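Chemist: Next comes the sequence, and after it the predicted model I'd like to discuss.
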Amino acid sequence: MRSFFPAPFRAASIALLAACCAWSTGAQAQKASGARGVKTVTGSTPYATREDAMRFADEVAERRGLDREWVRATIGSARFLPNVPRLMLPGPVGSVKNWQVYRSRFIDATRIAAGVRFWRNNADTLARAEQVYGVPPEIIVGIVGVETIYGRNMGNFRVIDALATLSFDFPQAHPRAAEREAFFRGELESFLSTESRTSENPLVPVGSYAGATGMPQFMPSSIAKYAVDFDGDNRIDLVDNTADVIGSVASYFKAFGWTPGMPAIYPVHFEEERLKKPLLLAPDILPTFSIDSFVAAGAVPEGDGLRHKGLLALVELQNGADAPPTYVAGTRNFYVITRYNWSSYYAMSVLDLGQEVKAAMEQ
Ligand SMILES: [Ca+2]
């Protein structure tokens, strides 16, 4: 959630990393030594003696009104994950993305069948979420499917280990290291604040190597801001409770400006003689063009797109070095999907999976 990173950052692709990451398992075994107990774990736990980490612990305790020794003990118990920092580094410059390859990783018969089961098992809750938040079932089904295959693949990294590693050992070679490090420190702070209030053992939660958890892979700050108790049992559970998962995803989309009833994309074709592709691509996925200015620049939406009232973006999806890119006209709702994960390839996968599941439901 609000992750700054393309989808491979998330648990959705954790299987791809498993071969290289023997340190990814066995994290759940830590048990509380008391209601708020923090048990020291074996392995490399450098942060108890790291001056920067303990200073951060003291600052968090002060800002959030938490028990200082509990915060220190929790951060001090975090393990350094030696392979995680390099996963944050950007890919090679000039590498060409491939939408068809990307799509094939997230949309296949197994995931579509799991989506049909998820939709059927939760049809009433999905309908209620649409009533309350205006977000249709196929979007929520698409998100939860792309993120974790409906809870099958939620990640095995201890959240405390992932967030401490990225807070205190973020790779300085990253072009925006300071910004990213600040982001993860904020997530660590949010995580500690939530854990302290819910009285759960902060060493237990597991998730992606960036600290995203549960079926919808929410980051800690997103749990704090957008997660909802959608079944009314007075707790929020994004790991096992599909009602809370569905309500929380819908709540997130509403908060980021989802417009009920607005398509996320329209097919588009070009009128080459007046096509101004650089102009159309300059704002990237930010909807910038009225329908008149879009058409004037040579991009013509199809279907209902010509009657679209809001702004549009020309979305380009590369298909490797040898095939032409795919283009669609993206609306404000397409942009909202990218607020969940900042990638147009991700957003297209969510849309396509949702549509595939919807089509399979109607067969
Ligand atoms: Ca609940």
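Modeler: Everything's here; your move.
Chemist: use CA for all of it now, contacts and neighbours both
Modeler: OK.
Chemist: for the ion, what are the nearby residues on this protein?
Modeler: Asp229, Asp231, Asp233, Arg235, Ile236 (Cα under 5 Å from the ion).
Chemist: contacting residues for the third one?
Modeler: For Asp233, the set of contacting residues under the criterion of Cα atoms under 8 Å, 6 or more residues apart in numbering is empty.
Chemist: can you pull the contacts of the residue in the stretch 151-300 of the chain positioned nearest to the ion?
Modeler: Residue of the stretch 151-300 of the chain nearest the ion, by Cα to the ion: Asp229 (4.0 Å). With contact set as Cα under 8 Å, 6+ apart, Asp229 has these partners: Arg235, Ile236, Asp237, Ala243, Asp244, Gly247, Ser248.
Chemist: Between those, identify the one with the most neighbours.
Modeler: Sorting the contacts of Asp229 by how many neighbours each has (other Cα atoms under 10 Å) puts Ser248 first, at 28 neighbours.
Chemist: hang on, it in a strand?
Modeler: No - Ser248 is assigned helix when assessed by DSSP: H, G, I helix; E, B strand; the rest coil, not a strand.
Chemist: Find me whatever residue is spatially closest to it, sequence neighbours aside.
Modeler: Leaving aside its sequence neighbours, Ser248 sits nearest to Ala227 (Cα to Cα, 6 or more residues apart in numbering; 4.4 Å).
Chemist: That neighbour and Asn241 touch, don't they?
Modeler: No - in this structure, Ala227 is not within contact of Asn241 by Cα atoms under 8 Å, at 12.0 Å.
Chemist: Out of those two, name the residue with the larger neighbour count.
Modeler: Neighbours were counted for Ala227 and for Asn241 using other Cα under 10 Å; Ala227 has more, 23 against 16.
Chemist: Provide a list of residues in contact with the one residue in the stretch 1-150 of the chain that gets nearest to the ion.
Modeler: Of all residues in the stretch 1-150 of the chain, Thr125 sits closest to the ion, at 12.3 Å by Cα to the ion. Applying Cα under 8 Å, 6+ apart to Thr125 gives the contacts Ala243, Ile246.
Chemist: okay, how far is it across stretch 217-237, tip to tip?
Modeler: One end of stretch 217-237 to the other measures 12 Å (Cα to Cα, to the nearest Å).
Chemist: before we move on, back to that, and what about the residue of the stretch 151-300 of the chain closest to the ion, helix, strand or coil?
Modeler: Asp229 ends up coil, using three-state DSSP.
Chemist: Tell me, how many residues neighbour Gln131?
Modeler: 12.
Chemist: residue boundaries of the helices in the stretch 51-200 of the chain?
Modeler: Here the stretch 51-200 of the chain has its helices, by DSSP state H, counting those that start in this stretch, at 51-64, 68-77, 84-87, 99-106, 109-121, 123-133, 137-148, 159-168, 177-198.
Chemist: And the ones you listed, which one averages the lowest pLDDT?
Modeler: Lowest mean pLDDT within those: helix 84-87, a mean of 92.
Chemist: With only the CA atoms kept, save that one in CSV.
Modeler: The C-alpha trace of helix 84-87 is given here as CSV (Å, rounded to 0.1, in the frame of the first residue of the first chain):
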residue,chain,number,x,y,z
VAL,A,84,16.3,-7.1,1.6
PRO,A,85,18.1,-3.8,1.0
ARG,A,86,19.3,-4.7,-2.5
LEU,A,87,15.7,-5.5,-3.5
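Chemist: And for that helix, what's in contact with it?
Modeler: Outside helix 84-87, the residues that reach it (Cα under 8 Å, 6+ apart) are Phe9, Ala162, Thr165, Leu166, Asp169, Phe170, Pro171, Tyr209.
Chemist: Most neighbours of all those residues, which one?
Modeler: That'd be Tyr209 among the contacts of helix 84-87, by other Cα under 10 Å, with 29 neighbours.
Chemist: what's the helix or strand for it?
Modeler: Under DSSP states H and E, no helix or strand contains Tyr209.
Chemist: wait, it sits on Gly155?
Modeler: Yes - with contact defined as Cα under 8 Å, Tyr209 reaches Gly155; the gap is 7.4 Å.
Chemist: would you list the contacts of helix 84-87 in JSON lines and tack on distance to Ile265?
Modeler: Converted to JSON lines, these look like this (distance: Cα to Cα, whole Å):
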{"residue": "Phe9", "distance to Ile265": "25"}
{"residue": "Ala162", "distance to Ile265": "35"}
{"residue": "Thr165", "distance to Ile265": "38"}
{"residue": "Leu166", "distance to Ile265": "35"}
{"residue": "Asp169", "distance to Ile265": "39"}
{"residue": "Phe170", "distance to Ile265": "36"}
{"residue": "Pro171", "distance to Ile265": "36"}
{"residue": "Tyr209", "distance to Ile265": "31"}
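Chemist: hmm, which two among those are most spread apart?
Modeler: The two members of these with the most space between them (Cα to Cα) are Phe9 and Asp169, at 17.0 Å.
Chemist: quick one: the closest residue to Val101 other than its chain neighbours and Arg103, what's the gap?
Modeler: Sequence neighbours aside, Asn319 is the residue nearest to Val101 in space, at 8.0 Å (criterion: Cα to Cα, 6+ apart). Remark: distance between Asn319 and Arg103 (Cα to Cα) = 10 Å.
Chemist: Provide a list of residues in contact with Phe183.
Modeler: No contacts exist for Phe183 under Cα under 8 Å, 6+ apart.
Chemist: doesn't Ile75 make contact with Ile160?
Modeler: Yes - in this structure, Ile160 is within contact of Ile75 by Cα under 8 Å, at 7.3 Å.
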